[in-house]
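Novice: Test case, fold it:
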Amino acid sequence: MQTPVQIIKGQNISKNTGKKPAAVTDKIKRSDLMPFRYTSFNDYLREKFAARVYRVPIDAGFTCPNRDGTRASGGCTFCDDRGSGAPTIDQVLSVKEQLHTGIERIRRRFKAEKFLAYFQAFTNTYAPEAVLRSLYDVSLDHEDVVGICVGTRPDCLDDSVLELLAQYQQKTFVFLEVGLQSAHNKTLDLINRAHSKEEFFDAVERARKKNLAVATHLIFGLPGETRKDMMETVRQIANIGLTAIKIHQLCVYKHTPMAVDFAQGRLPLLEEDEYVLLVCDALEMLPPDMVVMRLVAEGTREEIIAPDWCFEKSRIMDKIDQELARRGTRQGSRFKPKN
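Specialist: Numbering: from 1, shown residues only. This next block holds a predicted model:
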């Protein structure tokens, strides 16, 4: 069996992309619990596939243009050396091996029936088309894989990449996740995203013209942002045809620029109840049929410094549902479609 890593001058280099993989630590990821007052990703997948479907996270050895110097260096200031990849990923394994071991682990734990290959870590369209095609093909070479999810950045979605994904969509399920975090360029500059909100909206519009299912990620509590700023981001993305959304609180990961700012008292974080209110306000503004993939980020104390309440995901999820019940509202209660 071939290994995906070759040793070159003391460095581990991925055979998938030729990039140096990041280190990972091991932990068990809990399943997301989605209350009935909004449209859950689990329900969306069950309706689409008539089966229990789970995503299998993969690190294919990519990097990002704001890490390698193409647009910037160092990456996003909130992002650790896993590139937002799941700690369960074993980067020493090839894509095929990651997929097969992940399927067996998830099948045992959650009794899953079908799977989506989730290219999660770093920017998963940041390579030549031939490399992307080979990686996506390998991930679909399993009888129980029913599609691919691809996490990426808006500046790495030129028309050729979107056409490639559209070709895959003709034969399998394709879900495209495009990170935004904030619809304010001053914030994007501050956190070293090295792309603009205009690039995001352009990428989503072009992806939607290819009839691709598109999700985005938002972070509440980014440096300098007010409640008004965060709700303005929600307002701007509510009517652009997104299929799904991930919202989560800002977490401070070890060995990141934000960890330095936090240690020096320069990075205030949201309080638990403040975050709950923000999430409920956002849910009310979103279309009722937009799929909610995540509302709370979670992790371990080995990787996350703060906030302390991020280790109590179930409690926060319950609070969100209780607040919506107290208000007598649900997702879409205040949604305003375009005229």
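Novice: what ranges do the helices span in the stretch 151-300 of the chain?
Specialist: 159-169, 185-190, 197-209, 227-237, 257-263, 272-285 (DSSP state H, counting those that start in this stretch).
Novice: Of the ones you listed, which is nearest Phe36?
Specialist: helix 272-285 (12.3 Å; CB to CB). C-beta here means a position set from N, CA and C on the backbone, and glycine is covered the same way.
Novice: in that closest one, what's buried?
Specialist: For helix 272-285, burial by neighbour count (16 or more other CB atoms under 10 Å) applies to 272, 275-285.
Novice: just to revisit the earlier point, is it possible to export the helices of the stretch 151-300 of the chain to CSV including distance to Arg46 and mean pLDDT?
Specialist: Below are the helices of the stretch 151-300 of the chain laid out as CSV (distance: least, CB to CB, whole Å; pLDDT from 0 to 100):
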stretch, distance to Arg46, mean pLDDT
helix 159-169, 20, 98
helix 185-190, 35, 98
helix 197-209, 24, 98
helix 227-237, 25, 98
helix 257-263, 36, 96
helix 272-285, 21, 98
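Novice: Quick one: closest of those to His248.
Specialist: That would be helix 272-285 among the helices of the stretch 151-300 of the chain, by CB to CB, at 9.1 Å.
Novice: Skipping adjacent residues, who's closest to Cys64 in space?
Specialist: In space, and not counting its chain neighbours, Cys64 is closest to Thr123: 4.4 Å by CB to CB, 6 or more residues apart in numbering.
Novice: Name the residues that touch stretch 273-290?
Specialist: Outside stretch 273-290, the residues that touch it by CB atoms under 8 Å, 6 or more residues apart in numbering are 37-39, 218, 220-221, 227, 230-231, 234-235, 238-239, 242-245, 247, 249, 270, 292, 295, 316, 319-320, 323-324, 327, 329-337.
Novice: do stretch 187-196 as well
Specialist: 65-66, 71-72, 74-78, 153-155, 181-182, 185, 197, 222-225, 229, 257.
Novice: What's the PyMOL line that selects buried ones from the residues you listed?
Specialist: Filtering the contacts of stretch 187-196 down to the buried ones (16+ other CB under 10 Å) takes a single PyMOL command:
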select buried, resi 65+66+71+72+75+76+77+78+153+154+155+181+182+197+222+223+225+229+257
